[in-house]
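Chemist: whatever this is, show me its structure:
(one chain, ligands or ions: 1)
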Amino acid sequence: MATLTIINYPDPRLHTVAKPVLAVNDEIRQLVSDMAETMYAAPGIGLAATQVDQHIQLIVIDTTKEQNNLQVFINPKIVAKSGLTEYEEGCLSVPGVYETVTRAENVRVEALDENGKKFTSDAGDLLAICIQHEIDHLLGKVFVEYLSPLKRNRIRKRLIKQAREFEKNAD
Ligand code: NI
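Modeler: Residues are numbered from 1 along each chain as shown. As a prediction, this is how the structure comes out:
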């Protein structure tokens, strides 16, 4: 297992549209395992392959505090949604930023698990929000894109400044 490097907004690679996984094989399972380790170490409750510069339709989620319920979604598709809910979201690719986003309250998602088996999941609450946030990553969309251009620009500038300071300190 290994932790992977998470790319940060406004890195243009975060806007890459992910391709479907064609075969769920050992290579994919290794990536699932590395992504889970990366997510738990961060710590975060969800990670899309896009964020570790792998542009395939794969997300890992664990909304438990105990980090003991890993959920893997390969080629996920939202096939039904209902209701609206607001939540203050964060993202491992946008460190230190938390903003309120409106999303569907409930979603039904179809996906493959890490063995390539198709399943359907009816999700609500935090899991539904997290699934929508991570599927957005696979579409090349970061949650700050739901905010006003003014707010988004402020976040973009702050993160560019942070990255520059980090590089300076690394010299
Ligand atoms: Ni995110």
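Chemist: C-alpha only now, for contacts and for neighbours.
Modeler: Fine.
Chemist: and the longest helix for the protein?
Modeler: Taking residue count as the measure and DSSP state H as the definition, the longest helix of the chain comes out as helix 149-170.
Chemist: tell me which other helices or strands it touches.
Modeler: For helix 149-170, there is no helix or strand it packs on, judged by 3 or more CA pairs under 8 Å, 6 or more residues apart in numbering; DSSP states H and E.
Chemist: any idea how far the lowest-mean-pLDDT helix or strand in the chain is from the chain center?
Modeler: Scoring the helices and strands of the chain by mean pLDDT, DSSP states H and E places helix 149-170 at the bottom, with a mean of 92. For helix 149-170, the distance from its own C-alpha centre to the chain's C-alpha centre is 20 Å (CA atoms, centre = their mean, to the nearest Å).
Chemist: buried stuff in it?
Modeler: Applying a neighbour-count criterion of 16 or more other CA atoms under 10 Å, the buried positions in helix 149-170 are I155, R156, L159.
Chemist: what's the closest of those to L139?
Modeler: For those, the residue nearest L139 by CA to CA is R156; the value is 19.5 Å.
Chemist: quick one: that closest one from V142, how far?
Modeler: Distance of R156 to V142, given as CA to CA, to the nearest Å: 12 Å.
Chemist: what's the overlap in contacts for the two?
Modeler: Here R156 and V142 share the contacting residues Y9, scored by CA atoms under 8 Å, 6 or more residues apart in numbering.
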